[in-house]
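> pasting a predicted model and its sequence here:
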Amino acid sequence: MYQQLFELFAGNETSYIQVTLSGDKDERGKRIANYLTIHKPLTPEICREHIEGKKVIGLKPERDDVCKWACIDIDPRNYENYKQKKYIDNIIYANLPLVPVLSKSGGLHLFLFLKDWTNVKDVLKILNEWNNLYFLSKELFPCNKAVGLPYFNSELTTEFAIADSGVGLTLKGFLDLAEKRKISLLDLKNTKTVSYEPEDQWSQYPPCVQKLIQEHWSGDNRNNYLFNVLVLETKKNENITVEELINVAIKRNQEIFLKPLMLKEVTNTAQSVKKGGYFYRCPPKHADLTPICNKELCKERKLGIGPETPQIIEEFTNISYVKDLKTVSYEFRYKNKEIEVFPEDMVTELAWRTKLLKHGIFWMKLPKVKKGPPLYDLLMKELVTRAISNVNFEFEETLADERYKTLKDFFEDKLEQDDFNKLKDGYVVLDSKKNILYFKRITMENWLKEKKSKVFSSSKEAMKLLNCVRHDYVSGQKNIWSVAMPEFMFDSLEIKKPKTKSVSEMDEQYHVGKFRNPETKKNT
């Protein structure tokens, strides 16, 4: 059988690796090994020594630019608690021609065996597609590194293949299964992948979140990991409430971590995300996520990080914005200085450099990239995304004040109470029972011109911000607009009364008393 093993793992002809296990384990529970390169070709005899337990052997699959086998290396973050079953289930689910074998380190090797020598690039292209869909491994072979041959000390081996049923296979059983699953390049290309969606939009999740959900986590930095999971939830549903996010956090906390966080920590993390943490925590700043991070793949996913923002963004702190009716400004702390910029300062990197120079800061231009959006654009996008409203200058308060002032002035200048026929003459009509003001659009336009208003760019903008509503007909009048008046406004309004016709003693109606008022009666 060692001859069959030798032929099955035909690969590098110039050298092989001899492995020595120390017996110790690292912090992840992975068995520690020492590696020695033997600059001689692998032989059937050396394979026999491997099977008999005399030598632990590793081999590179590539021979120049071709190979006859390949491997997806499942290297879990925590070896002692991960489950192989879910990976084997994925192989069965997608009907992939892979042979799962327990590795010497305690992980899992998913071997692909080919009928003929095949171009390495063709093999890796297909293997990468499978990996991104189902396994999320960080290491695929061929990659100019050696893979350990299975079935060391075959009678007592811990490196055995696993059948679809979950039963471990003998060396003969492994060789038979490998021979059965050998595949040609043509059939490999025609192998159709099946969409894998254990959760809604799963294929668009960041790889780190997929890995966290797939494998129980027993290490530290659980707050950071839970934070990323919850950022994903906000990307899936921008309208999710704090209460809903906390409920998701409680559920994920139990699913993901072998040692769940305390409820208070879970709640605080959810509140932190909802408050403004709509971006993932990624390496290098959060280096603990490196083992499960795949930034290049994450950039391609709808719910991932997208094109990567320059790391210099982390040097900008206390980012906020102040919005008024005409523009918006952004404030932040950078290089120990408080800086305020406006949209015109952010449009180009040259304008940005000029603005910062006024604060005594020389901005080094960001490098150009071959693909994707410019780094400067990504930086500005992230700066805007991270900015939160300055609580001292809330836009809604500014808008409310301006609405009140505008409506008050408009009301006082143009009021003609109760007579809807006056609308066409440039007046407004108040329905005093409902506190609703009616007018023509042209009335608002002309009034804004009379006032030479610099607040609104147009009557359309004014009517939108004032919450005006259009009506086809009101009291027989066509194309009428209305606006609800603030209830408290009438206490301070000086409503102009319609002018009365002046009369004298020469007017015969004077003596009838038709135009007399109480004051007139007192004087007669």
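Sure, I can see it. Just so you know, these numbers come straight off a predicted model, no measurement behind them. Numbering: from 1, shown residues only.

> can you show me the strands along the stretch 51-200 of the chain?
56-59, 62-63, 66-74, 98-102, 108-119, 139-141, 147-148 (DSSP state E, counting those that start in this stretch).

> count the neighbours of residue 39 for me.
7 (other CB atoms under 10 Å). Bear in mind the C-beta positions are built from the backbone N, C-alpha and C, glycine included.

> with residue 474 instead?
17.

> for it, which residues are in contact?
Residue 474 sits next to 420, 438, 480, 482 when contact means CB atoms under 8 Å, 6 or more residues apart in numbering.

> which of the residues you listed fall in strands?
Judged by DSSP state E, the contacts of residue 474 include 438, 480, 482 as members of strands.

> just the buried residues from the residues you listed, in ChimeraX please.
The buried residues among the ones in strands among the contacts of residue 474 can be selected in ChimeraX (16 or more other CB atoms under 10 Å) with this line:
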select :438,480,482
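
> let me have the ones in strands among the contacts of residue 474 in CSV, adding distance to residue 287 as columns.
Output for the ones in strands among the contacts of residue 474, formatted as CSV (distance: CB to CB, whole Å):
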residue, distance to residue 287
438, 64
480, 64
482, 60
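
> nearest to residue 96 among the ones in strands among the contacts of residue 474?
Distance to residue 96 across the ones in strands among the contacts of residue 474 (CB to CB) is lowest for residue 482, with 65.5 Å.

> tell me the pLDDT of that closest one.
Residue 482 is assigned a pLDDT of 88 by the prediction.

> all further residue positions should be reported with the first residue as 49.
All right, first residue 49 from here; so that's residue 530.

> residue 514 is in contact with that one, correct?
No: in this structure, residue 530 is not within contact of residue 514 by CB atoms under 8 Å, at 10.6 Å.

> how near is residue 196 to residue 211?
20 Å (CB to CB, to the nearest Å).

> thinking again about what came up before, closest to residue 148 out of the contacts of residue 522?
Closest approach between these and residue 148, by CB to CB: residue 530, at 70.8 Å.

> more neighbours: residue 196 and residue 211, which one.
A side-by-side neighbour count of residue 196 and residue 211, using other CB under 10 Å, places residue 196 first with 22 against 14.

> burial of the spatially closest residue to the more buried one that is not a sequence neighbour, as a residue count?
Excluding its sequence neighbours, the residue lying closest to residue 196 (CB to CB, 6 or more residues apart in numbering) is residue 106, at 4.7 Å. By the criterion of other CB under 10 Å, residue 106 has 22 neighbours.

> you'd agree residue 106 is up against residue 200?
No: with contact defined as CB under 8 Å, residue 106 does not reach residue 200; the gap is 10.3 Å.

> now the end-to-end length of stretch 458-477.
Stretch 458-477 has its terminal residues 11 Å apart, counting by CA to CA, to the nearest Å.

> run the chain-centre distance for it.
52 Å (CA atoms, centre = their mean, to the nearest Å).

> try stretch 92-108
With CA atoms, centre = their mean, you get 48 Å for stretch 92-108.

> hmm, who's touching it?
49-51, 53-54, 57, 59-60, 63-69, 81, 83, 90, 152, 189-190, 192-197, 199-204, 219.

> report the buried members of those.
For the contacts of stretch 92-108, a neighbour count by 16+ other CB under 10 Å gives the buried set as 50, 53-54, 57, 59-60, 64-67, 81, 90, 152, 189-190, 194-197, 199-200, 202, 219.

> below-threshold pLDDT in the chain: ranges please.
69-81, 124-130, 266-267, 324-326, 373, 441-451, 462-466, 500-503, 505, 535-572 (pLDDT under 70).

> care to break it down by domain?
50-237, 250-347, 359-441, 443-539 (automatic domain parsing).

> out of the ones you listed, which comes closest to residue 353?
Evaluated over these, closeness to residue 353 peaks at domain 250-347, with 5.0 Å, by CB to CB.

> quick one: the closest one to chain centroid distance?
In terms of CA atoms, centre = their mean, the centre of domain 250-347 is set 11 Å apart from its chain centre.

> can you check stretch 473-485 too?
48 Å.

> identify the bridge partners of the residue nearest to residue 196.
The bridge-partner assignment for residue 106, based on DSSP bridges, gives residue 65, residue 196.

> try the one 4 residues further on
Taking DSSP bridges, one finds residue 115 as the beta-bridge partners of residue 110.

> for the closest residue to residue 336 other than its chain neighbours, give me its contacts.
Distances taken as CB to CB, 6+ apart place residue 269 nearest to residue 336, at 4.3 Å, with adjacent residues excluded. Contact analysis of residue 269 by CB under 8 Å, 6+ apart lists 334, 336-337.

> for the residues you listed, pick the one with the most neighbours.
residue 337 (22 neighbours).

> surely that residue and residue 343 touch.
No: contact criterion CB under 8 Å: residue 337 and residue 343 do not qualify, at 10.2 Å.

> common neighbours of these two, please.
In terms of CB under 8 Å, 6+ apart, residue 337 and residue 343 are both contacted by the residues 330-331.

> list the contacts of residue 350.
When contacts are taken as CB under 8 Å, 6+ apart, residue 350 is in contact with 249, 252.

> fine by me, we can end here.
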